[in-house]
Each structure stands twice: as structure tokens, then as C-alpha cells.
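*Asks:* just coords:
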């Protein structure tokens with residue numbers, strides 16, 4: 001050992017020592033020399049105890065007499081305290097030169113110094129050349145690998161140690177458990193736990209803390225709690241590990257309950273709670289905990305500030321974020337790179353790019369996170385060119401910065417540029433693939449999103465839980481139930497079904513694909529349920545017209561002490577709207593501000609107008625709009641115009657349409673709705689005037705389109721479409737159905753034809769609406785009894801609604817149609833909406 005390691009250290013010793021001497025005055029050196037005249041070892045130890053490491057090294061190298069091993073121990077301990085690796089190497093060189101590497105104690109201390117200073121490779125070299133190793137030697141290396149990596153090597157050494165007949169003590173067990181935690185190696189962790197029980201070490205606080213942390217990071221919260229509850233003595237580490245475990249698993253209520261039981265709290269405890277609430281989307285609560293921490297007189301650390309600033313970023317709370325920034329400056333602490341990066345991110349997300357750039361430009365040290373935060377800030381605020389300039393200036397571009405740039409292009413609708421950058425990436429990971437998928441989903445290009453997802457499945461990078469949570473909305477948008485179910489099976493095989501974000505996306509996918517039963521099954525298995533989980537299921541019931549079920553679920557939500565937010569109330573109002581629950585709707589609207597301190601938004605007001613309008617209370621709806629405390633937007637007036645269409649109120653429709661023409665003259669919807677009302681009432685001249693206005697303003701109507709998935713392929717149809725390869729069979733099926741329907745008593749409702757043509761032509765037009773073509777295609781391409789599922793981009797017309805009721809009875813099939821408003825479940829001649837839509 002003395003030969004190989006000593007040679008490496010000796011080559012550097014002269015240079016390093018010269019540097020040390022140059023940092024100190026001659027008087028300091030003289031002072032050190034004077035001390036040596038007495039007991040050199042004692043003087044060295046005294047200097048180390050006083051924190052004068054460099055002076056101690058001067059004395060060591062100036063001293064011509066030998067020092068004893070205790071002096072080297074003090075020097076190595078001083079290096080550990082100051083994380084002084086270079087100085088530690090000088091001590092190592094001196095030890096080798098004076099022949100102390102054969103000492104029984106010093107090699108362990110030397111390996112420990114290297115490990116504590118972060119140089120695992122040097123620690124391993126010392127360890128491998130030790131003439132004899134004891135438990136302490138093995139513990140040093142196992143601990144070093146567990147902390148600095150690779151964690152696999154810690155487990156390998158642990159097994160090797162036992163193979164050589166050396167029995168682990170509590171310190172070794174406490175050191176190896178973090179490696180299991182880091183690797184999420186539950187099986188290894190369980191085996192080690194059994195060994196701990198056999199040796200009777202489970203009562204050791206350090207060992208128990210390691211077990212709690214290991215089980216928590218392996219996702220076994222109940223096992224972690226079981227260990228915690230059995231601990232005879234708990235320290236702050238024990239409590240902090242357990243509250244962090246609950247918070248990170250999403251169970252913030254249990255985390256808070258345990259936090260309140262803590263006999264003593266430190267900054268780590270408070271920070272764990274703040275971070276836990278923030279990570280689970282409870283941003284307001286996270287800031288409230290921070291305020292309580294301040295009142296309690298606990299001084300925040302850099303991790304606290306980073307969590308609080310990130311929370312402000314997510315809330316868009318610029319003023320509060322500035323206060324926190326001012327507090328950091330007032331305290332006078334030097335911000336670390338993570339806090340400064342969080343400040344850049346906070347200012348950028350709050351739209352204050354100048355302040356974000358100011359923080360970025362004045363940073364003492366920047367890392368990839370800092371650059372990416374600034375880059376993403378520009379992109380999120382629509383400054384794509386600035387983002388690209390910064391991206392090109394980056395000293396090193398990692399996969400995170402590439403991904404941020406791709407996401408920035410996608411968020412601004414620049415999908416071609418995003419795809420080009422994605423294809424140019426030197427190396428892709430799951431995050432970059434997911435960002436590209438998300439870009440297409442967010443821009444309404446679900447089919448393209450699925451293409452990228454399929455490419456990812458064929459690549460070396462496999463989808464993770466975030467990828468599945470991101471791609472599932474694409475299946476939902478296309479109502480691609482078969483493909484969605486296939487992905488659900490894949491999720492189960494990979495063990496991601498317990499991830500709350502994936503589970504929420506599955507509930508949403510099933511609900512939007514028309515399978516409310518499957519949505520409910522997934523929802524019941526989510527534990528713990530987040531507010532988003534409850535909201536997603538309530539919204540699912542709402543879009544299926546199951547208002548009573550939505551209200552019952554809300555009662556369960558309250559019993560579980562889940563706090564409703566603005567989305568919850570919006571879903572409840574929507575559920576009342578689709579089910580005609582006017583009294584209940586008024587109740588929830590009033591409860592928003594009175595019981596839940598939620599200020600109604602434009603969407604909440606529009607839901608109330610829709611609720612009143614659908615129920616035929618048009619004057620009440622108009623009075624509600626007039627009394628709104630905020631100026632009604634197009635969405636509010638649009639709901640009232642839709643109600644005028646349902647109830648054929650031309651006079652009010654004309655007044656409402658005028659409001660909409662002024663608010664958004666380029667939006668085709670109000671023109672089309674008004675012209676439909678005129679057409680239904682036979683006012684053809686007025687209808688033509690509306691269409692002339694549209695032509696003059698270059699406003700175009702969105703053509704009706706319906707989609708159906710058969711054999712994992714999505715087929716699209718326009719009204720009167722004859723482009724499909726099976727057109728002849730589809731139209732033949734419709735002719736057959738038309739004959740059977742008429743024999744069963746169906747009469748075409750020609751008022752839903754919006755053209756001034758004769759009745760025969762009107763019936764022909766009605767017979768080839770896009771949803772009927774999709775249903776006919778489904779009937780001829782699926783087996784008897786298979787449910788037909790269709791999605792339409794517009795509201796189902798009244799005639800099609802009647803016709804599909806007849807078809808469902810004639811073919812003995814359930815037919816599920818999703819239009820822009822809701823789901824219709826047709827079965828045995830009835831519709832789930834009970835003709836209220």
C-alpha cells in the first residue's frame with residue numbers, strides 16, 4: 001500500500017505544500033515553528049482542535065521529529081471537518097513517507113477521511129490495500145457507496161463482508177439500508193430487516209431510522225409506520241423520516257397529524273411539511289405552514305427557501321415571492337445555486353422576466369438547472385426567440401435543457417420546430433419523449449401524440465409513469481377505448497397503477513371514452529385520493545348526465561375531509577346543469593363563497609346560466625347575467641344563446657347574438673346558432689342574412705365530424721361523407737336501418753335541416769349525418785352485442801338523437817355518443833339523458 005498510493009501523493013505534495021505556505025505570513029510560520037520546539041504531536045492536535053488546519057500542516061512538514069499516530073488522527077479529523085481533500089492527501093503522503101501506513105488504526109481513519117470528503121475512489125484504494133480489515137473498515141466503504149454511489153457497490157460489499165465471516169454491527173446495518181432505499185431494492189431491504197431482527201438490533205434508533213427511510217422510499221408506507229410505531233426511542237430523524245414518507249406518498253393529512261404529535265420540531269421537520277404540501281399541489285397550505293414556522297421562531301435554511309419560492313412560482317404569487325427574496329437578502333445569507341435557480345423560475349413563471357434575468361445574470365455560479373429555468377421562463381412567456389438565443393449560448397446542453405426548449409416550442413404551438421429539435425437531440429430520455437407527446441396533446445393533435453408514443457415504445461427508452469399520465473388524454477380525446485384499455489394493461493404490468501397521476505388519467509380516459517363503470521373501478525382503487533382524483537370522477541359523472549351520483553360522490557369527498565376547490569364546484573354545477581338540478585345548482589353556487597371561500601370565475605357563472613337556460617328559465621338567466629359582478633364574457637352569453645336554440649326564443653336570441661358579435665366577431669358559433677334558430681322557425685331570409693355576415697367577415701363554420709374506433713383504428717366521418725373505402729356498405733346499412741325505423745314509427749324531424757330545400761331532400765340530408773355514418777360503420781364491422789362508441793365534435797341534432805334511440809332498439813345494441821356537451825347512452829330505445837340535453 002505504501003508504494004502505489006504514496007507515489008501518487010508525493011508527486012503533488014511539494015506543489016500543494018508550497019501553495020499552503022504561500023497563503024500564510026512568515027510570522028505565522030515562525031509561530032508554528034516555535035510551537036514545535038515543545039511536544040510536536042501535542043501542538044499539532046491543539047492546532048487541529050482550534051481549527052487551524054493549514055498551520056498544523058505547516059508544523060507537520062517543518063517538524064524534523066516524528067509525530068505519533070494520534071497526531072495523524074487529529075489531522076485527518078480536521079480535514080473531515082473542513083472537507084479539505086487536498087490537505088488530506090498531504091497528510092496521506094506524509095504518513096506514507098514516515099511509514100505509518102502499516103499502523104492498525106490509521107488506514108481506517110485515512111479511508112474514512114477520503115470517504116467523508118467525497119473521494120470514494122481514493123477511499124477504495126486505501127481499503128483494498130489494507131493488510132487487515134475490521135467492521136469499521138467495511139462500514140466506511142459501505143457508507144461511502146451508499147451516500148455517493150454507486151449504491152449497488154454498497155450492497156456488493158455488504159454481501160462480501162458477510163461471506164468473509166465478518167458480522168455486521170448496527171452501524172453497518174444503518175449504512176447499508178440507505179443503499180436499498182436509493183435503489184428501491186425492497187427484497188434486499190426485507191432480507192436485511194430479517195437479519196436485524198435475528199441479531200436484536202431493531203431497537204437501535206439509527207438502524208430503525210434506516211428501516212423507516214428504506215420502506216418509505218420503496219413505497220411501503222405501512223411497513224415504515226410499523227417500524228416507527230415499534231421504536232422504543234425516537235429522535236428527530238425518526239419523526240422527520242416518517243412525516244416525509246407520508247407527505248411524499250401524497251397522504252398530507254397523516255403527515256400533518258404526525259407533525260402535530262412531534263415533541264420537538266426542527267427546520268428539517270418544517271421544511272419537510274412545506275415541501276410535502278407543495279409537491280402534492282396544496283400550495284396555499286404550504287405557505288401557511290411557512291408562516292407558522294416563522295411565528296414559531298424557527299430559522300429557515302436554503303432548502304426551506306427553495307421550497308417556499310417554488311410554491312410561490314406554482315401559485316403565481318409574485319408579491320409573496322418578492323417578500324421571501326427580500327427576507328433572504330435581509331438575513332444576509334449567501335444563496336446556494338438551488339435557491340437562486342428557484343428565484344429565476346419563480347420570477348419567470350410569474351411573468352417578471354426582467355427580474356428573472358437580473359437574478360440569473362448576477363448568480364455567482366450557474367448550473368444546468370439555472371440555465372434551464374431561465375430558458376423555460378422565456379419559452380413559457382412566449383419569448384421563443386430569446387429562449388433559443390440563450391439555448392445556443394449554454395456552455396453545456398444536457399437532456400433537460402433540450403427538453404425545456406422542445407416543451408417551449410410546443411407550448412407556443414411551434415410543433416414543427418419542436419419536432420426538429422427533438423430529432424436533433426443527441427440523447428433522449430423518458431422526459432424528452434414525454435415532452436414531445438405532451439406538446440401534441442396540448443395542441444389538439446392526439447393522433448400525432450400517439451405516433452410519437454408508439455415510436456417511444458419501439459425505442460431503447462421505455463415509458464415511465466409520467467409518460468402514461470401524459471399520453472392517456474390522447475386516447476381520451478379520440479375516444480379510443482380499445483387502445484386505452486391495452487395501455488391500462490401495460491400500466492398494470494409495469495406496476496404504475498398505484499401512481500395517483502396515472503390513476504387520475506385512467507379515470508379521465510375511461511370517463512371520456514364512455515366507460516363510466518371502468519372509470520369508477522379505477523377510482524375506487526386509488527389510495528390516497530387527491531382532490532384531482534375526486535374532481536375527475538365527479539366530472540366523469542357530470543359528463544354522463546349522472547348528476548345524482550356526482551352529488552353523492554361529493555358527500556363522500558367531504559366525509560373524507562378532502563377540501564373542494566374551484567374545479568370541484570365547477571364539476572358539481574356542470575352535473576346539476578346536465579341533470580336539470582336547478583335547486584341544487586343554486587345551493588352549490590351560494591356555497592362557493594359562503595362555505596368554501598371560493599370566488600366564482602367566468603366558468604362558474606356560465607354554468608349557472610347554462611343550468612337556468614336549459615331548464616327554460618331564460619328570463620332568470622338573463623337577470624343573473626345582468627347582476628354579475630364581473631363583465632360577462634362570450635362563454636356566458638354563448639350558454640344563453642344555446643338555451644334560446646333549445647327553446648326557440650328568437651327575440652332573446654337576437655339580443656344575445658348581438659352581444660356575442662361585439663365580443664368575438666370572428667367566432668363562428670353564435671352565427672351558426674342564430675342561423676339554426678331562424679332555420680328551425682322557417683325564417684329563411686333572416687338565416688341568409690346571417691350567412692352573408694359570415695361570408696363578409698370570412699368566418700367559417702366548423703363541419704360536423706364523428707369518430708369511431710374499431711379494431712384499434714380510429715375512423716372519421718363528415719356529414720354526407722363518401723370517401724371511406726366501405727362507403728357502399730355503410731350507405732346500404734343506413735338504407736336498411738331507415739326502412740326498419742320507419743316501420744317502427746320513426747318520422748324524420750326536418751326542422752333540424754338548416755337548408756331551404758324540399759322535405760324529401762331534408763330527409764336525405766338528415767339520413768347521412770356524420771354520427772349516423774359512424775354508427776353504420778360500427779354495426780357492419782363489429783360482432784353482435786358489441787357496444788358502439790362514437791364521438792362528435794358538435795352537439796347531436798334532435799333528429800339524430802331520436803333516430804339513434806330507434807337504432808339501439810332495432811339492433812339490440814348499446815350505442816354511446818359523446819358530443820361537445822355530454823355523453824348519451826342509448827339502449828333499448830331510451831337515452832340516459834332522458835331527452836334533457
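*Replies:* That came in fine, so what should we check first? Quick caveat: nothing in here was measured; it's all calculated off a predicted structure.
*Asks:* show me where pLDDT drops low in this protein?
*Replies:* Low-confidence segments of the chain, defined by pLDDT under 70: 1-38, 64-65, 750-767.
*Asks:* at 80 what do you get?
*Replies:* Along the chain, the model assigns pLDDT under 80 to residues 1-39, 63-66, 332-335, 748-767, 836-837.
*Asks:* All the strands of it, in order from the start?
*Replies:* Using DSSP state E, the strands of the chain run over residues 705-710, 713-718, 788-792, 815-818, 823-827, 830-831.
*Asks:* could the ones you listed be laid out in a markdown table, adding distance to residue 505 and mean neighbour count?
*Replies:* Any C-beta I mention is one placed from the backbone N, CA and C, and that applies to glycine too. Putting those into a markdown table (distance: least, CB to CB, whole Å; neighbours: other CB atoms under 10 Å) gives the following:
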| stretch | distance to residue 505 | mean neighbour count |
| --- | --- | --- |
| strand 705-710 | 18 | 22 |
| strand 713-718 | 19 | 18 |
| strand 788-792 | 18 | 25 |
| strand 815-818 | 18 | 24 |
| strand 823-827 | 18 | 22 |
| strand 830-831 | 28 | 18 |
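*Asks:* Would you check that residue 613 makes contact with residue 640?
*Replies:* Yes: at 5.5 Å, residue 613 and residue 640 qualify as touching, with contact defined as CB atoms under 8 Å.
*Asks:* and residue 811, how many neighbours?
*Replies:* One way to gauge burial is a neighbour count; for residue 811, by other CB atoms under 10 Å, it gives 17.
*Asks:* ditto for the one 3 residues further on
*Replies:* With neighbours defined by other CB under 10 Å, the count for residue 814 comes to 16.
*Asks:* List the contacts of it.
*Replies:* Applying CB atoms under 8 Å, 6 or more residues apart in numbering, one finds that residue 814 lies in contact with 787-788, 808, 825-827.
*Asks:* where do the helices sit along the stretch 151-300 of the chain?
*Replies:* With helices called from DSSP state H, counting those that start in this stretch, the stretch 151-300 of the chain shows them at 151-163, 170-183, 186-199, 205-217, 221-230, 236-248, 252-261, 267-279, 283-295.
*Asks:* In CSV: those, plus mean neighbour count and distance to residue 666.
*Replies:* Conversion of the helices of the stretch 151-300 of the chain to CSV gives the following (neighbours: other CB atoms under 10 Å; distance: least, CB to CB, whole Å):
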stretch, mean neighbour count, distance to residue 666
helix 151-163, 17, 59
helix 170-183, 24, 56
helix 186-199, 16, 58
helix 205-217, 25, 53
helix 221-230, 17, 53
helix 236-248, 23, 47
helix 252-261, 17, 45
helix 267-279, 23, 40
helix 283-295, 17, 36
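*Asks:* returning to that earlier point: for the strands of the chain, which one sits closest to residue 727?
*Replies:* Each of the strands of the chain was scored for nearness to residue 727 using CB to CB, and the closest is strand 713-718 (9.9 Å).
*Asks:* How far does that closest one sit from its chain's centre?
*Replies:* Chain-centre distance of strand 713-718: 32 Å, with CA atoms, centre = their mean, to the nearest Å.
*Asks:* Just put the strands of the chain in TSV and tack on distance to residue 78.
*Replies:* Supplementary listing: those in TSV, determined by distance: least, CB to CB, whole Å:
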stretch	distance to residue 78
strand 705-710	70
strand 713-718	70
strand 788-792	71
strand 815-818	72
strand 823-827	72
strand 830-831	82
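*Asks:* Which of these sits closest to residue 575?
*Replies:* Smallest distance to residue 575 across those (CB to CB): 12.4 Å, for strand 823-827.
*Asks:* Tell me the one among the contacts of residue 814 nearest to residue 818.
*Replies:* Taking CB to CB as the measure, residue 818 lies nearest residue 825 of those, at 10.1 Å.
*Asks:* so what's that closest one bridging to?
*Replies:* On the basis of DSSP bridges, residue 825 is bridged to residue 816.
*Asks:* got the end-to-end distance for stretch 270-288?
*Replies:* Counting by CA to CA, to the nearest Å, you get 11 Å between the two ends of stretch 270-288.
*Asks:* ok, residues contacting that stretch?
*Replies:* Taking CB under 8 Å, 6+ apart as the criterion, the residues outside stretch 270-288 that touch it are 240, 243-244, 246-248, 250, 252, 255-256, 259, 289-290, 293, 296, 298, 300-301, 303-304, 307-308, 310-312, 314-315, 317, 320, 530-532.
*Asks:* so how far is that stretch off the chain centroid?
*Replies:* Counting by CA atoms, centre = their mean, stretch 270-288 is centred 15 Å from the centre of its parent chain.
*Asks:* One more: stretch 331-349?
*Replies:* Going by CA atoms, centre = their mean, where stretch 331-349 is centred and where its chain is centred differ by 22 Å.
*Asks:* Other residues contacting that stretch?
*Replies:* Applying CB under 8 Å, 6+ apart, the set of residues contacting stretch 331-349 is 302-303, 305-306, 309-310, 312-314, 316, 318, 321, 325, 328, 353, 355-356, 359-360, 363, 365-367, 369-370, 373-374, 376-378, 380-381.
*Asks:* again, only this time at 7 Å
*Replies:* By CB atoms under 7 Å, 6 or more residues apart in numbering, the surrounding residues in contact with stretch 331-349 are 302, 305-306, 309-310, 312-313, 316, 321, 325, 328, 355-356, 359-360, 363, 365, 367, 369-370, 373-374, 376-377, 380-381.
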